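Peer 1: Kindly generate the corresponding structure for this input.
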Amino acid sequence: MVSPGLLLLLLLLAGTRWLWGRWKLRSLRLPPLAPGFLHFLQPNLPIYLFDLTQKLGPVYRIRIGLQDVVVLNSNRTIKEALIQKWADFAGRPQIPYENLDLDLSLGDYSLTWKAHKKLSRSALMLGVRDSMEPLVEELAQEFCERMRAQAGAPVAIQKEFSLLTCSVICYLTFGDKVKAALLPLEPLPQALLTFAGLKLKFLPNPGLWKLKRFQENRDDIVREQLKLHKDSQVSGQWKDMIDYMLQGVEQQREGTDAGQLHEGHVHMSVVDLFIGGTETTATTLSWTVAFLLHHPEIQKRLQEELDLKLGPNGPNSQLLYKNRMQLPLLMATIAEVLRLRPVVPLALPHRTTRASSISGYDIPKDTIIIPNIQGANLDKTVWELPSKFCPGTREGSGTGEEEPQARLGRASRAICPRPTDRFLEPGKDLRTLSFGCGARVCLGEPLARLELFVVLARLLQAFTLLPPPDGTLPSLKPQNFTGVNLLIRPFQVRLQPRNLVPQDQGQNP
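Peer 2: Reported below is the predicted structural model:
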């Protein structure tokens, strides 16, 4: 038991250390400090933080306990920190997590982390590159067939998208759907994403034991797959990402000790792919369906574009991702949904590896930085009418600009109050900050973009999206932000099969 005298001494030492740290900062030009201590209790935290820019500007500090955290809320400031000065801001804060040194998403910046990311990215872009698109196409076709069996009936589309994206990751990592393992893996992504949130990392949470059981089940499945792959692998050949990464680890052992990897890194790469590649993509697909239900005129134009470019022959028509810009409205719609509803609206926190600066403000070493992706995607200096759903059109009319808090819940059918071409201008960059940027950019971005393109193209080619019989449209207001994901409220949709011309009566253009 700690004596009162020792406890008092510890408190004095902690207080002295804090005062010394504040005294050392006295000569620096720090970002302005937002008043208050309970910022993270706000129900719509990304929008709340963005609203603070009206008084404090795009760069400011908020206080969490005794620690100041710098929040970045604009395209310019986020790109300055994470792209122009990426080495200064590539670190991660130290958090209580047993596999932190093996985790790609949460691990700190180091030579080992760089080697780990390089191996994982190589496995995705080289190891399964040739099989990725045919696989997504095949699973998208199977998905449409399952939906055709429920034609006209209300469907909880989010769950169906979750099963689809989980199947994609299972195939890419395990070489099979692994149906027996699919169910225990399915609930993990959101639970683990919540665990990665600041609240669970720094505060006690009653769901921690349940999460621990999820982790144990997950790790048992991954360990079993690693063993199966080691027992069956053939040198120089690989059928999936695990094969590729295991052989990459073996080859690295023959080289230098710098950034040395081992089987534990392969294990955590698989975990990161399931966390970052299932519910995130499924949620974006669900948001897209919700927006199209509110904007049937956009859905109709998308179907006309698909029929014109791919022909009326349904699933047998050629659909290649490399030719995606032949479907400009589909690409613009995907970009606009990613802009308005980034699945991870607050990027995981960064840490400065050395003293730096942003927009003329001094940023000391070991400062925690939170990039507000949703704020950047609503930046008026970059986007005209940023709160409006405008994938790219010169049609439609509506009301004027809304306040940030109101615009998340507005379900207006209006596209834009005045003509605009958000993403349809020739040469327009379709990339937003929704996948992050710089050294910590989302590893699975290429796969996610491929899935969004193929699944939505096949879905809209085969079905017309309709509300349930009672006409209820899904809410465009996200669930309260409590973890990492910007989640959509549950809804149902009817998938009405389209009357396509039989294959022997039409030809592809």
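
Peer 1: From the contact counts, what lies against whichever strand or helix holds Lys117?
Peer 2: Assigning secondary structure by DSSP states H and E places Lys117 in helix 111-122. Applying 3 or more Cβ pairs under 8 Å, 6 or more residues apart in numbering; DSSP states H and E, we find helix 111-122 packed against helix 241-253, helix 263-277. C-beta: built from backbone N, CA, C; applies to glycine.

Peer 1: Specify the local secondary structure of the nearest residue to Ser475 once chain neighbours are set aside.
Peer 2: Spatially, and ignoring its direct neighbours in sequence, Ser475 is nearest to Arg489 (4.7 Å; Cβ to Cβ, 6 or more residues apart in numbering). Applying DSSP: H, G, I helix; E, B strand; the rest coil to Arg489 yields a three-state assignment of coil.

Peer 1: related to what we said a few turns ago, the helices and strands packed on helix 111-122: which one's closest to Pro43?
Peer 2: Closest of the helices and strands packed on helix 111-122 to Pro43 is helix 263-277, at 24.0 Å (criterion: Cβ to Cβ).

Peer 1: Let me see the mean pLDDT of the helix or strand following the closest one.
Peer 2: Remark: after helix 263-277, the chain's next helix or strand is helix 279-294, criterion DSSP H and E. When pLDDT is averaged along helix 279-294, the result is 97.

Peer 1: ditto for stretch 462-476
Peer 2: Summarised as a single mean, pLDDT over stretch 462-476 is 95.

Peer 1: Quick check: buried residues in that stretch?
Peer 2: Ala462, Phe463, Thr464, Leu465, Leu466, Pro467, Pro468, Pro474, Ser475, Leu476 (16 or more other Cβ atoms under 10 Å).

Peer 1: For the helix holding Lys117, list every residue counted as buried.
Peer 2: Thr112, Trp113, Ala115, His116, Lys117, Leu119, Ser120, Arg121.

Peer 1: Which of these sits closest to Ser27?
Peer 2: Here the nearest of the buried residues of helix 111-122 to Ser27, counting by Cβ to Cβ, is Trp113; it sits at 33.1 Å.

Peer 1: The closest one: what's it in contact with?
Peer 2: Leu104, Gly107 (Cβ atoms under 8 Å, 6 or more residues apart in numbering).

Peer 1: re the thing from before, deepest-packed of the helices and strands packed on helix 111-122, please.
Peer 2: Sort these by mean neighbour count, taking mean count of other Cβ atoms under 10 Å, and helix 263-277 sits at the top with a mean of 23.

Peer 1: who's in contact with that one?
Peer 2: So helix 263-277 is contacted by 99, 102-105, 116, 119-120, 123, 165-166, 168-169, 172-173, 185, 188-189, 192-193, 196, 218-219, 222-223, 225-226, 241-242, 245-246, 249, 442-444, 447-448 (Cβ under 8 Å, 6+ apart).

Peer 1: Quick one: work out the angle between it and helix 111-122.
Peer 2: Here helix 263-277 points in a direction 60 degrees away from that of helix 111-122 (axes from the mean of the first three to the mean of the last three Cα atoms, to 10 degrees).

Peer 1: Alpha carbons of helix 263-277, as CSV, please.
Peer 2: Output of helix 263-277 as CSV, limited to C-alpha atoms (Å, rounded to 0.1, in the frame of the first residue of the first chain):
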residue,chain,number,x,y,z
GLU,A,263,6.3,-14.5,-38.5
GLY,A,264,4.6,-12.2,-36.0
HIS,A,265,4.7,-9.4,-38.5
VAL,A,266,3.0,-11.6,-41.1
HIS,A,267,0.3,-12.4,-38.4
MET,A,268,-0.3,-8.7,-37.7
SER,A,269,-0.4,-7.8,-41.4
VAL,A,270,-3.3,-10.3,-41.8
VAL,A,271,-5.0,-8.7,-38.8
ASP,A,272,-4.6,-5.2,-40.2
LEU,A,273,-6.1,-6.3,-43.6
PHE,A,274,-9.2,-7.7,-41.9
ILE,A,275,-9.6,-4.6,-39.7
GLY,A,276,-9.0,-2.1,-42.5
GLY,A,277,-10.4,-4.0,-45.5
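
Peer 1: Which stretches in the stretch 51-200 of the chain count as strands?
Peer 2: In the stretch 51-200 of the chain, the segments counted as strands under DSSP state E, counting those that start in this stretch are 59-64, 67-72, 154-155.

Peer 1: Comparing those, which stretch has the densest surroundings?
Peer 2: strand 67-72 (a mean of 23).

Peer 1: which helices and strands sit right next to that one?
Peer 2: Contacts defined by 3+ Cβ pairs under 8 Å, 6+ apart place strand 67-72 against strand 59-64, strand 368-371.
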